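build the 3D model from these lines:
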Amino acid sequence: MKEVWKKVIFWALMFFGALLILSQVGYSDGDDAFFYQYSHQMGFFEYLGWRYETWVGRLSGEAMVYLTFRMGLWFWRVVNALMLVLLPLGVLTLASKAAGVPGGRVGLFYHAASVAGYLLMAAMTIGYAAVWMNGSIFYTWSFTCGVWALVPVADVVFETGGFSWKRLCYSLPCAVLASMSIEQMGAVLFAFEALAVFSLAWRKRRVYMQLVLQTAVTLAAFVLLFLAPGNEIRVVSEIANWMPQYAALSPGEHLFLTVQWLLSSFANENRLFLCGIWLTGILHIRQQSAGKKSDAAWAVSAAVFFVSALLPFFGVRTLGDLGMNITDITVRIEEVPQALAMTGVQWFALFWWAAALLFTLFFLLRVSKANRVLLFAYLGSIASEAIMYFSPTMYASGARVYYLTDWMCLFIMLCLGLTVRERKWRNAYVVVLGVLGVWNFVYQLPVFLEVLR
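Model (predicted):
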């Protein structure tokens with residue numbers, strides 16, 4: 001009971017700390033002003049119909065935005081602080097189920113580790129996806145709904161509980177809110193639900209009707225999002241506003257831009273999450289090792305990539321320059337990066353991070369003993385960014401797009417950390433994550449202050 005109260009106090013402090021920070025945040029001049037104006041000029045259904053017909057199919061996200069801007073700043077601050085608590089708590093809940101560790105046995109250290117995920121992120125990712133009023137509603141709120149919609153799914157898959165009809169009372173609304181807010185989250189949610197349905201049918205020769213119903217509702221909501229008449233209008237407008245060259249790009253040029261942008265995100269914004277995976281992987285090799293030379297090779301390779309990811313903290317940014325040369329994502333890109341303009345050093349950096357991502361896939365295969373859930377989560381973290389191949393706002397939306405990637409990588413890190421056998425090493429791992437998070441926060445402090453200003 002004493003341990004439970006420690007966790008309750010921890011999350012309460014997390015909530016009030018987030019609320020204190022958000023109390024300093026107000027409306028922005030851009031999208032927030034737009035949503036404030038139209039949410040006060042139109043009725044609820046009038047607004048949703050107008051947005052669906054003329055701009056976007058994200059009805060759930062638009063509904064949350066409308067209601068929030070009508071309710072005012074303090075409503076958003078309180079709800080957003082709650083979501084900033086429920087999101088890491090939900091990811092930890094999923095991780096504990098996937099790791100086979102009952103929730104009650106997850107120590108306070110790992111509750112802290114789930115929150116440390118925020119500190120490991122890039123400042124602009126946090127700013128756009130968690131602190132900006134409009135961005136937090138579409139990203140933090142919808143991702144939180146998506147994560148909690150997966151909790152009863154995880155209970156069935158990992159045999160940690162049942163999926164009763166009562167649980168649909170919260171999982172179905174959460175699934176709809178997630179799948180009709182941000183396309184990334186909708187795709188990830190549906191993919192995990194569909195895999196769960198087929199996996200259970202294959203392994204147990206059983207169909208769980210609650211899970212099938214939730215999957216069907218998720219798919220229907222996702223399809224409704226893409227059928228919106230406003231989607232085509234939006235694409236045309238965004239090409240003109242953000243990337244005029246988009247329509248003229250050849251498939252090869254388009255693929256190069258996507259790969260370059262994706263690898264650059266892991267080289268810069270997401271690199272500490274790879275560090276977390278490599279570090280806990282080394283601990284797993286240590287506990288599984290039978291003295292083989294191959295084990296040492298895996299550990300040393302992971303350590304080399306780990307050290308390379310820390311170089312920017314020491315002012316060495318060579319491996320972070322992949323030739324994008326885009327410093328301001330808030331302005332239109334008149335000239336997209338060209339492969340021919342890449343220097344030899346930039347090509348080396350690009351191939352280095354391509355090798356890092358490929359290595360991490362096989363490294364996970366080795367240390368997790370081919371755990372399909374972790375492998376799928378890792379591939380999903382990459383796919384959630386690769387989907388931006390189809391968007392002319394790849395650069396403009398970049399910082400927010402990394403948010404889902406970070407949470408999926410954190411899920412992997414927590415799963416692996418919870419399955420390290422020795423308690424002292426489990427806790428040491430969390431301490432290292434905390435040190436990296438604080439280091440990253442201090443390193444980015446000027447950017448954080450600019451975001452909050």
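
residue contacts, residue 313?
439, 443 (CB atoms under 8 Å, 6 or more residues apart in numbering). (C-beta placed from N, C-alpha, C; glycine too.)

helices or strands next to the helix or strand in which residue 362 is found in the packing?
In the assignment (DSSP states H and E), residue 362 maps to helix 344-367. Helix 344-367 sits against helix 251-267, helix 271-288, helix 293-310, helix 372-386, with contacts defined as 3 or more CB pairs under 8 Å, 6 or more residues apart in numbering; DSSP states H and E.

so which of those helices is the most packed in?
Highest mean neighbour count of the helices and strands packed on helix 344-367: helix 271-288, a mean of 22 (counted as mean count of other CB atoms under 10 Å).

contacts for that one, please.
Contacts for helix 271-288 (CB under 8 Å, 6+ apart): 120, 266, 295, 298-299, 302-303, 305-306, 309-310, 312, 356, 360, 363-364, 366-368, 378, 405-406, 409-410, 412-413, 416-417, 419-422, 425, 429, 432-433, 436-437, 440.

got the CA coordinates for that helix in CSV?
Only the C-alpha atoms of helix 271-288 are listed here, as CSV (Å, rounded to 0.1, in the frame of the first residue of the first chain):
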residue,chain,number,x,y,z
ARG,A,271,18.6,9.8,-31.4
LEU,A,272,18.3,9.5,-27.6
PHE,A,273,15.5,7.0,-28.0
LEU,A,274,17.8,4.8,-30.1
CYS,A,275,20.3,5.3,-27.3
GLY,A,276,17.8,3.9,-24.8
ILE,A,277,17.2,0.9,-27.0
TRP,A,278,20.9,0.2,-27.5
LEU,A,279,21.7,0.6,-23.8
THR,A,280,19.0,-1.8,-22.6
GLY,A,281,19.9,-4.2,-25.4
ILE,A,282,23.5,-4.3,-24.0
LEU,A,283,22.1,-5.2,-20.6
HIS,A,284,20.1,-8.0,-22.1
ILE,A,285,23.2,-9.3,-23.9
ARG,A,286,25.1,-9.2,-20.7
GLN,A,287,22.4,-11.4,-18.9
GLN,A,288,22.0,-13.8,-21.8
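
report the secondary structure state of residue 323.
Under DSSP: H, G, I helix; E, B strand; the rest coil, the three-state class of residue 323 is coil.

list the contacts for it?
Counted by CB under 8 Å, 6+ apart, residue 323 has contacts 260, 337, 341-343, 346-347, 350.

ok, the nearest residue to it once chain neighbours are set aside - contacts?
Closest residue to residue 323 apart from its sequence neighbours, by CB to CB, 6 or more residues apart in numbering: residue 346 at 4.0 Å. Residues counted as contacts of residue 346 (CB under 8 Å, 6+ apart) are 321-323.

list the contacts of stretch 210-219.
149, 152-153, 156, 163-165, 167-168, 171-172, 175-176, 178-179, 186, 189-190, 193-194, 196-197, 200.

for residue 205, phi and psi?
phi 50, psi 40 (degrees, to the nearest 10).

picking that back up, ChimeraX command for the buried members of the contacts of helix 271-288?
Remark: buried members of the contacts of helix 271-288, expressed as a ChimeraX selection using 16 or more other CB atoms under 10 Å:
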select :120,266,298,299,302,305,306,309,312,356,360,363,364,366,367,368,378,405,406,409,410,412,413,416,417,419,420,429,433,436,437,440
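
number of nearby residues for the closest residue to residue 180 other than its chain neighbours?
Closest residue to residue 180 apart from its sequence neighbours, by CB to CB, 6+ apart: residue 60 at 3.7 Å. The number of residues packed near residue 60 is 26, by other CB atoms under 10 Å.

surely residue 60 meets residue 175?
No - taking contacts as CB atoms under 8 Å, residue 60 lies outside contact range of residue 175: 9.8 Å.

who touches both of the two?
residue 221.

tally of neighbours for residue 328?
9.

now swap in the one 3 residues further on and tell me
With neighbours defined by other CB under 10 Å, the count for residue 331 comes to 11.

got the confidence number for it?
The confidence metric pLDDT takes the value 84 at residue 331.

about what we covered before: the contacts of stretch 210-219 in helices, which ones?
Among the contacts of stretch 210-219, DSSP state H puts 149, 152-153, 156, 168, 171-172, 175-176, 178-179, 186, 189-190, 193-194, 196-197, 200 in helices.

which of these count as buried?
Counted by 16+ other CB under 10 Å, the ones in helices among the contacts of stretch 210-219 give 149, 152-153, 156, 168, 171-172, 175-176, 178-179, 186, 189-190, 193, 196-197, 200 as buried.
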